[in-house]
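[1] sequence first, predicted coordinates after that:
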Amino acid sequence: MLTCLLLIASNFVNIFGSKLISGLQIVPPQVKYGINPDAFNSHGNEYFSNYVQYNDDDEGFIWEKSGLYEGDIMTYSNEIRNGILNETLRWPNATIPFYIEEDHFSDDELLVIMSAMLEYHEKTCLRFKPYNSKDENWVVVTGNREGCWSSVGMQNEGGQQLNVNSPKCVKKGTVIHEFLHAAGFAHQHSSSNRDDYIEIVWENILDGHESNFKKYNKSIVTDYGTSYDYESIMHYSRKAFSKNGNDTIIPLRNVTQLGQRDKFSLNDVYKLNRMYNASCHKPETESKERESNTDFESTIKWFETLFN
């Protein structure tokens, strides 16, 4: 059944997808804000091999494995940029201009990226629009570098890179996760009140990666009045950055899992809509959890409308 669905998806994208993108996308100037070799080298090296060895059966999340700050956050060297409360890092009109390097992805992978973007349009106030020459800032979606990573928020540097390495990172939940970084969200475990909800087991953390577990203070981040979200797609797994296979994060409440790699949690949607509420008129009642009933063809037809 899965093989049949992928064949159908490929046929749809061949008709509507990659030809559409190639014909309608305006090529932006070269990205100024992307992979930083110094930042990568300082955080990567010995741990980055875990990305290469990662498979979907692993307990952790692939975005923890990319060797950057907190696993998948691109920064200028050791500078921490968290856009939760810094409005200069938010995208005007709750809209992210994008350009997809279609040559980096297969037709099926392009469909996955489209589907993740559609999830934002269905459940949140954030919108995507194709890059045009009038845009001052934009996101370039690439897949040719190792790892899954993004900067946090709009960097005001023109183009900024969001990388979902093909094929390992091109999963719907991973794309959603990285776009949440680009929208302005850090990881849930770095919340200022996290010590009331989780215990960090420092002795189990890989040497040199303790900074991945530091907290942001309340002047930098906010939870928008919600409770700590164990189910957030932005939460680390239990064994994130473990050097010995033991838990690095232990929940202090009776929960069955930490984080997940599939979809928005209810609080993910609520907080994103609150962040951009000045530019968004989507009723909060529309943000309730529901299963998407879109099929391959309707996803691609929706994507076409972005170019109209």
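    Perfect, I can see it now.
[2] going forward, measure contacts between C-alpha atoms and count neighbours the same way
    Noted.
[3] so, low pLDDT: which residues of the stretch 1-150 of the chain?
    Segments of the stretch 1-150 of the chain classed as low confidence (criterion: pLDDT under 70) are 1-22, 32-85.
[4] let's go with 50 and repeat that
    Low-confidence segments of the stretch 1-150 of the chain (pLDDT under 50): 1-13, 15-17, 36-48, 51-52, 54, 63, 76-83.
[5] now do the contacts for Asp268.
    Residues in contact with Asp268 (C-alpha atoms under 8 Å, 6 or more residues apart in numbering) are Ser232, Ile233.
[6] just the C-alphas of whatever helix or strand it lives in, formatted as PDB.
    Asp268 is located in helix 266-275, with elements delineated by DSSP states H and E. These are the backbone C-alpha positions of helix 266-275, laid out as PDB (Å, rounded to 0.1, in the frame of the first residue of the first chain):
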ATOM      1  CA  LEU A 266      -1.900  21.700  20.800                       C
ATOM      2  CA  ASN A 267       0.300  24.100  22.700                       C
ATOM      3  CA  ASP A 268       2.700  24.400  19.800                       C
ATOM      4  CA  VAL A 269      -0.100  25.700  17.700                       C
ATOM      5  CA  TYR A 270      -1.400  28.000  20.500                       C
ATOM      6  CA  LYS A 271       2.000  29.600  21.200                       C
ATOM      7  CA  LEU A 272       2.800  30.100  17.500                       C
ATOM      8  CA  ASN A 273      -0.600  31.800  17.000                       C
ATOM      9  CA  ARG A 274       0.000  34.000  20.100                       C
ATOM     10  CA  MET A 275       3.400  35.000  18.900                       C
END
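[7] now the element after that helix, going C-ward?
    Using DSSP H and E, the helix or strand that follows helix 266-275 in sequence is helix 296-305.
[8] alpha carbons of that next one, as PDB, please.
    These are the backbone C-alpha positions of helix 296-305, laid out as PDB (Å, rounded to 0.1, in the frame of the first residue of the first chain):
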ATOM      1  CA  PHE A 296      -1.700  14.100  -2.400                       C
ATOM      2  CA  GLU A 297      -3.500  15.900  -5.200                       C
ATOM      3  CA  SER A 298      -5.100  18.500  -3.000                       C
ATOM      4  CA  THR A 299      -1.800  19.200  -1.200                       C
ATOM      5  CA  ILE A 300      -0.100  19.900  -4.500                       C
ATOM      6  CA  LYS A 301      -3.100  22.000  -5.800                       C
ATOM      7  CA  TRP A 302      -2.900  24.000  -2.600                       C
ATOM      8  CA  PHE A 303       0.800  24.600  -3.200                       C
ATOM      9  CA  GLU A 304       0.100  25.800  -6.700                       C
ATOM     10  CA  THR A 305      -2.200  28.500  -5.200                       C
END
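[9] list the helices and strands it packs on?
    For helix 296-305, the contact count by 3 or more C-alpha pairs under 8 Å, 6 or more residues apart in numbering; DSSP states H and E identifies helix 2-12, helix 107-123 as packing neighbours.
[10] taking helix 107-123 as reference, get the angle to the helix holding Asp268.
    If you take axes from the mean of the first three to the mean of the last three C-alpha atoms, to 10 degrees, helix 266-275 sits at 70 degrees to helix 107-123.
[11] right, I'll leave it there.
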